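Asker: what's the 3D shape of this:
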Amino acid sequence: MVSCYIDVTCDKTTAQAAGIGKEIKDIFGPGNAEWADWQADKEGIRCGENIKKNKKGTCEKPCRQKHP
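Answerer: Residues are numbered from 1 along each chain as shown. Modelled structure (predicted):
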């Protein structure tokens, strides 16, 4: 959902950089880097792009449907 919000409020590139940056931080820090997290980020970005294209909707509903 965060990737969607970043995409809608900033842009796709910023959302991608934030997702990748978080996973890199997890690799070198105490977190747990996971491929599934990056996949979820990409889904969130797709939701954000659809919201911008259609000029309606919010990130919460489509993201919660995909990941309850």
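
Asker: pLDDT score assigned to the residue lying closest to residue 27 once chain neighbours are set aside?
Answerer: Residue nearest to residue 27 in three dimensions, not counting chain neighbours: residue 33, with 4.6 Å by Cβ to Cβ, 6 or more residues apart in numbering. The C-beta positions use only the backbone N, C-alpha and C, and glycine is treated the same way. pLDDT, the model's per-residue confidence, is 83 for residue 33.

Asker: before we move on, what about residue 68?
Answerer: You'll see residue 68 listed with a pLDDT of 69.

Asker: tell me the buried residues in the biggest helix by length in the chain?
Answerer: Using DSSP state H, we find that the single longest helix of the chain is helix 35-54. Neighbour-count burial for helix 35-54 flags 37, 38, 40, 41, 43, 44, 45, 46, 47, 48, 49, 51 (criterion: 16 or more other Cβ atoms under 10 Å).

Asker: what's in contact with it?
Answerer: 1-8, 12, 15-16, 18-20, 22-23, 26, 57-59, 62-63, 66-67 (Cβ atoms under 8 Å, 6 or more residues apart in numbering).

Asker: by average pLDDT, which secondary structure element in the chain comes out worst?
Answerer: One helix or strand of the chain scores below all others by mean pLDDT, DSSP states H and E: helix 60-66, with a mean of 76.

Asker: name the helices or strands packed onto that one?
Answerer: If contacts are counted by 3 or more Cβ pairs under 8 Å, 6 or more residues apart in numbering; DSSP states H and E, helix 60-66 sits against helix 35-54.

Asker: residues near residue 58, how many?
Answerer: By the criterion of other Cβ atoms under 10 Å, residue 58 has 13 neighbours.

Asker: what's the answer for residue 25, then?
Answerer: Count around residue 25 with other Cβ under 10 Å applied: 12.

Asker: list phi and psi for it.
Answerer: Backbone torsions for residue 25, taken as degrees, to the nearest 10, come to phi -60, psi -40.

Asker: sorry, back to before: now, which of the contacts of helix 35-54 lie within helices?
Answerer: Counting by DSSP H, the part of the contacts of helix 35-54 found in helices is 2-8, 12, 15-16, 18-20, 22-23, 26, 62-63, 66.
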